[in-house]
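A.B. asks: I need the structure of the sequence given here:
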Amino acid sequence: MSLKGICQAWGLNISKGISGKARLIDLIESYAAFPEELRAGLVDMVTHAQTTQKVLNKITKTLEELAKNDKVCQLIQTIPGLGPIYSCRLRATIGDIRRFKTPKDFPAYYGLVPRSIATGHDEKKGKLPIEETKQ
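C.D. replies: Numbers count the residues shown, from 1 in each chain. Modelled structure (predicted):
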């Protein structure tokens, strides 16, 4: 169950934007309907979530910096929809690109699908995003 769900079950409605803010701890601590054991546990959950978010932000910045300085990551980012974090993941997991027998095996390995062009009546499949970057 989520923190927001627990709070709602006890009658404390938390808006979406407040869940990551320090004000949430004050709301939980001042809400009289929470038993003391529950209050302490919820405060611990919020503190842990905030700490985890700070660590994730540091990791994200590190990955963005790595992608910015890596030629292969920069090349991967030319594919529409692929940013610095995904390019680092891709770079780390593909190893030697020659292990794929055909060029279409590579995007299939990562679940990239052809661009879909749909109207109310027809659906057409376009090229894979990776095919558009070839000269």
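A.B. asks: now the helices for the protein?
C.D. replies: 3-9, 23-30, 36-69, 71-76, 84-94, 105-109 (DSSP state H).
A.B. asks: okay, those helices in CSV with distance to G120 and mean pLDDT next?
C.D. replies: (Glycine included, C-beta is placed from N, CA and C.) Converted to CSV, the helices of the chain look like this (distance: least, CB to CB, whole Å; pLDDT from 0 to 100):
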stretch, distance to G120, mean pLDDT
helix 3-9, 37, 80
helix 23-30, 44, 82
helix 36-69, 39, 90
helix 71-76, 35, 89
helix 84-94, 32, 89
helix 105-109, 28, 81
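A.B. asks: mind putting those in a markdown table, mean neighbour count included?
C.D. replies: As requested, those are exported to a markdown table (neighbours: other CB atoms under 10 Å):
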| stretch | mean neighbour count |
| --- | --- |
| helix 3-9 | 14 |
| helix 23-30 | 15 |
| helix 36-69 | 13 |
| helix 71-76 | 15 |
| helix 84-94 | 16 |
| helix 105-109 | 14 |
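A.B. asks: Looking at these, which is nearest to H121?
C.D. replies: helix 105-109 (27.9 Å; CB to CB).
A.B. asks: Just checking the distance from the closest one to the centre of its chain.
C.D. replies: 21 Å (CA atoms, centre = their mean, to the nearest Å).
A.B. asks: Would you check how far apart F106 and L24 are?
C.D. replies: Distance from F106 to L24, counting by CB to CB, to the nearest Å: 44 Å.
A.B. asks: circling back: dump the helices of the chain into a markdown table; add distance to H121 as well.
C.D. replies: Formatted as a markdown table, those follow (distance: least, CB to CB, whole Å):
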| stretch | distance to H121 |
| --- | --- |
| helix 3-9 | 41 |
| helix 23-30 | 48 |
| helix 36-69 | 41 |
| helix 71-76 | 36 |
| helix 84-94 | 34 |
| helix 105-109 | 28 |
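A.B. asks: Out of these, the one nearest D122 is which?
C.D. replies: Nearest of the helices of the chain (CB to CB): helix 105-109, 23.8 Å.
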